[in-house]
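K.L.:
Just a sequence and a predicted model for now, questions to come.
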Amino acid sequence: MDPTDTRCSPKIVFKGSCGFEATLGNGQTRGYVGTDTFKFNEEAGYFPNIAFGCGIQNTNFTFGTDPNNQIAGVLGLGIGPRSMITQLDVDIKGRFTYCLRSDTNKSSIIFGDDAQIVGGDTVPTQSIAMNPDARYHLNLAGITVQERRLNIKPSLFTLDDQNFRSGFFIDPSAAYTVLTYTAYLELKSAILEHFSNYQMEPIQDTTTTNVFDLCYSNVPDEAKGQVYPSVTFNFVKSPGSTTGEVKLLFDQRQIFAKFENGFCLQMLSTPNSTDGPSIFGAFQQTNIQFLFDVNARMLSFVPKEC
C-alpha cells in the first residue's frame, strides 16, 4: 500500500511502503500494510480491497504457556481506520460476537446481523456499557471472592483518557487477565486466606517453572467439603451510574489452571509493582459468549458451553 493512502494512519513507512508497528503484551511486530480480498463464508461473499498488515519482524508472539503454541496473527477489531470493524462497517454495522472454547477446537466469530446472543431463564443475558473509542474500556467497579467484596478502589479501573495508564479493557489477544498491582494483591490475599482454611500452603517459588505467581501442589479435597473459591467481576451498568451492577461469575476453570496434581491462580499482575492498566484476557473469557455492539456502545454476555 502506498504511504499516501488514507488508510495508512498512523503514517509509518516500512521499506518504502505503508507499514505498521504494534505491541501486544510482550510481543512486538513490524511489517507492511497491503490490501487483499477476504472471504468469510459462502453466504457472505467476497470483500475486496481490505487493508491488512503482514508482520515481517515478529518477536515474542506465543499464546499460553507452551512455547511451541505460536499464533498466526491478530485480527484488529478496534475502531481505527484500518480495523475490520471500520472497513466492513457498511455490512456488519459494528456488530460481532464470539465465544472462546476452553479446548483445542476452533472458536468462531460472527459479524453483522447474524451476531445474536440469547440467554435463558436461569442464566439471562446481561449488558453493560463499553467505550470502543478507548480500546474497549469497561467500567469495572470491583471484584468479589466468596461473596466478600474486596477492598479495591474503583478508581484503579477508571479510564485515563490521556495515556491509558489506568482502566480495565477487554482484549482476547491477551492470553490471561492482568490486574493492576494493588488489585491483584487484594485478590491474591483473598485466595490465600480461602485455602489456608484447608491448611493448604502455596508453593514458595514459582518464578523458575511457571508464569503464574500463586500455585499449590495439591487440589481441594471435595470429599472433605473443600472447594475452589468463587470469583466475580462487578461491572457498573453505565458510566456515571451509582446504582445497579452487573455480576460476571466465573467458573473455576476460568480462574484456576491445573497442572499434574496442583493448580495456579490463572491471572497476572502488572509488572514492577505498578498500578498500570488492567486487561480482561482470553482464558477468563472462555465459555462466555460476548456480543459487541460498537454503534450502541454496549457489551452483552452470557455463560455458555462454547
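P.N.:
Yep, it's here.

K.L.:
Please, where are all the helices along the protein?
P.N.:
Assigned by DSSP state H, the helices in the chain fall at 84-87, 89-92, 181-196, 252-255, 282-285.

K.L.:
Select, out of those, the one closest to Val123.
P.N.:
Among the helices of the chain, the nearest to Val123 by CB to CB is helix 252-255 (15.0 Å). Yep, even glycine has a C-beta here, placed from its N, CA and C like the rest.

K.L.:
List the buried residues of the closest one.
P.N.:
Gln254, Ile255 (16 or more other CB atoms under 10 Å).

K.L.:
And the contacts of it?
P.N.:
The contact list for helix 252-255, computed with CB atoms under 8 Å, 6 or more residues apart in numbering, reads Ser102, Tyr228, Val231, Leu265, Gln266, Met267, Phe283, Gln284, Gln285, Thr286, Asn287, Ile288.

K.L.:
at 7 Å what do you get?
P.N.:
With contacts defined as CB atoms under 7 Å, 6 or more residues apart in numbering, helix 252-255 is touched by Ser102, Tyr228, Val231, Leu265, Gln266, Phe283, Gln284, Thr286.

K.L.:
Pick the one among those residues closest to Ile152.
P.N.:
Looking across those and measuring by CB to CB, the closest to Ile152 is Val231, at 12.7 Å.

K.L.:
Pairing partners for the closest one in the sheet, please.
P.N.:
Val231 has these beta-bridge partners by DSSP bridges: Val145.

K.L.:
residues contacting it?
P.N.:
Ile143, Val145, Phe250, Ile255.

K.L.:
at 6 Å instead, please
P.N.:
Neighbour list for Val231: Val145, Phe250, Ile255 [criterion: CB atoms under 6 Å, 6 or more residues apart in numbering].

K.L.:
Can you give me the distance of it to Asp160?
P.N.:
As for Val231, its distance to Asp160 is 25 Å (criterion: CB to CB, to the nearest Å).

K.L.:
mind checking the end-to-end distance for stretch 34-53?
P.N.:
End-to-end distance for stretch 34-53: 6 Å, by CA to CA, to the nearest Å.
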